[in-house]
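A.B. asks: need coordinates for the following:
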Amino acid sequence: MNALDRPTSAADVEPEEFRTTLRQLAGAVSVVTAGRGDDRSGLTATSVTSFSAEPPAVLVAVNLRSSALPAIRAYRHFAVNVLNAGQQPLADRFAGRDGLRGAARFQGSDWASLVTGAPVLVGALAVIDAELEEVIERHSHALLIGRVKAVASDGQAGALLYWRGDYACFDDEPSDS
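C.D. replies: The predicted structure is shown next:
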């Protein structure tokens, strides 16, 4: 029997069942950063999407318990650093897997800034520098809407993805269709 033959109603969906289902959705791995100097913070995220092309804007979902959220609110900016296939250790560090927090997570990598002053990762697959426009709190997360102020992309390396609860790499060349 196929799982689609016996769907679960919304009232019966358990959080773990929901997480398991969403793990089928592959997503780019990004490090979202904010702050300046020793007052920097960041987190690993897969819930990042374009929100608007005119004006350019992005949407990022951040857990309300994230240690980076206060810096994002205080500085009113954030950068989305899309990681390349070789940057999995950085994804783990900003996910808190080694116990580091705040500015300590930035050690060992090269960082710069573009327009807003948010830390951007040198060597990232792509970076999006955004000014925080709005924070919408719903359930366990804050939805950050950011007006894009600058972008840069390398595009030479493959992408780091998160799929089925683990990392995967995608490095195929795009087709010319």
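A.B. asks: which residues of the chain fall in strands?
C.D. replies: For the chain, applying DSSP state E gives strands covering 27-28, 30-34, 41-45, 48-53, 56-63, 77-82, 111-113, 119-121, 126-138, 141-153, 159-163, 166-170.
A.B. asks: and those strands as CSV, adding mean neighbour count and mean pLDDT?
C.D. replies: C-beta coordinates here come from the backbone N, C-alpha and C atoms, glycine included. Shown next, in CSV, are these (neighbours: other Cβ atoms under 10 Å; pLDDT from 0 to 100):
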stretch, mean neighbour count, mean pLDDT
strand 27-28, 17, 93
strand 30-34, 29, 98
strand 41-45, 25, 97
strand 48-53, 14, 96
strand 56-63, 18, 98
strand 77-82, 27, 98
strand 111-113, 14, 98
strand 119-121, 26, 98
strand 126-138, 18, 98
strand 141-153, 18, 98
strand 159-163, 19, 94
strand 166-170, 13, 90
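A.B. asks: list the contacts of the most centrally placed residue in the chain.
C.D. replies: Closest residue to the average C-alpha location of the chain: residue 45 at 2.9 Å, with Cα atoms, centre = their mean. Counting by Cβ atoms under 8 Å, 6 or more residues apart in numbering, residue 45 makes contact with 29-32, 60-62, 80.
A.B. asks: could I get those as JSON lines with distance to residue 133?
C.D. replies: Output for those, formatted as JSON lines (distance: Cβ to Cβ, whole Å):
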{"residue": "29", "distance to residue 133": "24"}
{"residue": "30", "distance to residue 133": "18"}
{"residue": "31", "distance to residue 133": "21"}
{"residue": "32", "distance to residue 133": "15"}
{"residue": "60", "distance to residue 133": "12"}
{"residue": "61", "distance to residue 133": "15"}
{"residue": "62", "distance to residue 133": "14"}
{"residue": "80", "distance to residue 133": "14"}
